[in-house]
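Asker: No letters, just coordinates:
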């Protein structure tokens, strides 16, 4: 009976440790995925009157604002349909949490983008769209135009969820969808709404860069007096295995293997002494979690000679090395 109880206890502890370690790995690898996505799509871009206006005809209807001007006199937003054509109607989907600001919105049309005429002036009631399924539909009775503009003749912000324009030749097709648009100003709520095309990840190049950086880290750690013989052997073994794989087999899995090795080399920096942190935290956690902390925060093998401290930071985390 005692043996059975001990077996069940050890099994429970083992499963708990495995689960905690798996969760930790998942979190680290999820962060790597975010880093890759940011590198592939580029950094966040500052909005312009054109790129913020693109959110007004991008096909997204969520009840929020697709574009947002500054608080100004006579704010406007317009879309270029490409050429002059007879129009059937304009459908306005409002920002639903500040819908009353558009109670007096005006629809204008133009053939050349310079000479405008009012096609419709709204005088209430407040309209919505996403929340009630009742956007404002403005009939245009076949009037011809290339440009459609929304404006307010007052000092205010102008913001809508989505603007749809339907031509007389095909009244069910939104001809404003993803067409060039522009607005009178941008605000702190503006955003770059251009689509961010995701490029295919070049895994062989990504893996090669991580391996190259790992080789550099091995030499840096050796110069710091750190025993990285196990890391160097693991790196050599990884390089042999990668060399035997065709390029099509080099994927995220191999990339993550290389990143874990690089991570261990980064955390072997003598300046990073996690021993005290590990011991303090281990006293607050359940016993089965302590092995995970020992893996994440390994104790340092030796102190750093004081004469070497001045240049360790620059060598440990150069800009191109990326976050841990």
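Answerer: That came in fine, so what should we check first? Not measured: the values here are computed from a predicted model.

Asker: Adjacent strands (with direction) for the helix or strand hosting residue 80?
Answerer: Residue 80 belongs to strand 76-94 when assigned by DSSP states H and E. Neighbouring strands of strand 76-94 in its sheet, by DSSP bridges, are strand 136-139 (antiparallel), strand 144-151 (antiparallel), strand 160-167 (antiparallel), strand 181-183 (antiparallel).

Asker: Let me know the next secondary structure element after that strand.
Answerer: Strand 76-94 is succeeded, C-terminally, by strand 106-110 (DSSP H and E).

Asker: Mind giving me the packing neighbours of the next helix or strand after that next one?
Answerer: Later in the chain than strand 106-110, the nearest helix or strand by DSSP H and E is strand 117-121. When contacts are defined as 3 or more CB pairs under 8 Å, 6 or more residues apart in numbering; DSSP states H and E, strand 117-121 sits against strand 106-110. Where C-beta positions appear, they are placed from N, C-alpha and C, glycine not excepted.

Asker: Show me what the strand it packs on is packed up against.
Answerer: strand 76-94, strand 117-121, strand 144-151.

Asker: let's see it at 10 Å
Answerer: Secondary-structure packing of strand 106-110 (3 or more CB pairs under 10 Å, 6 or more residues apart in numbering; DSSP states H and E): strand 76-94, strand 117-121, strand 144-151, strand 160-167.

Asker: Please find the angle between the direction vectors of that strand and strand 144-151.
Answerer: Between strand 106-110 and strand 144-151, the angle comes out at 150 degrees (axes from the mean of the first three to the mean of the last three CA atoms, to 10 degrees).

Asker: Can you give me the domain assignment for the chain?
Answerer: What automatic domain parsing lists as the domains of the chain is 2-42+200-321, 49-183.

Asker: Just name the most buried of those domains.
Answerer: domain 49-183 (a mean of 18; mean count of other CB atoms under 10 Å).

Asker: mind checking the end-to-end distance for that domain?
Answerer: End-to-end span of domain 49-183 (CA to CA, to the nearest Å): 5 Å.

Asker: pLDDT on that domain, on average?
Answerer: Domain 49-183 shows a mean pLDDT of 97.

Asker: how far out from the middle of the chain is it?
Answerer: Remark: domain 49-183 is offset 28 Å from the chain centroid, using CA atoms, centre = their mean, to the nearest Å.

Asker: again with stretch 224-231
Answerer: Averaging C-alpha positions (CA atoms, centre = their mean) puts stretch 224-231 36 Å from its chain's average.

Asker: Equivalent analysis for stretch 212-221, please.
Answerer: Centre-to-centre, stretch 212-221 and its host chain are 30 Å apart (CA atoms, centre = their mean).

Asker: Would you list the phi and psi of the closest residue in space to residue 45 that isn't next to it in sequence?
Answerer: Of all residues not flanking residue 45 in the chain, residue 192 sits nearest, at 4.2 Å (CB to CB, 6 or more residues apart in numbering). Per-residue torsions, residue 192: phi -80, psi 110 (degrees, to the nearest 10).

Asker: Pull the number of nearby residues for residue 192.
Answerer: Burial of residue 192 is recorded as 16 neighbouring residues (other CB atoms under 10 Å).

Asker: circling back: of the helices and strands packed on strand 106-110, which is nearest residue 105?
Answerer: With respect to residue 105, and counting by CB to CB, the nearest of those is strand 144-151 at 5.9 Å.

Asker: And the next helix or strand past the closest one?
Answerer: strand 155-156.

Asker: Many thanks, we can stop here.
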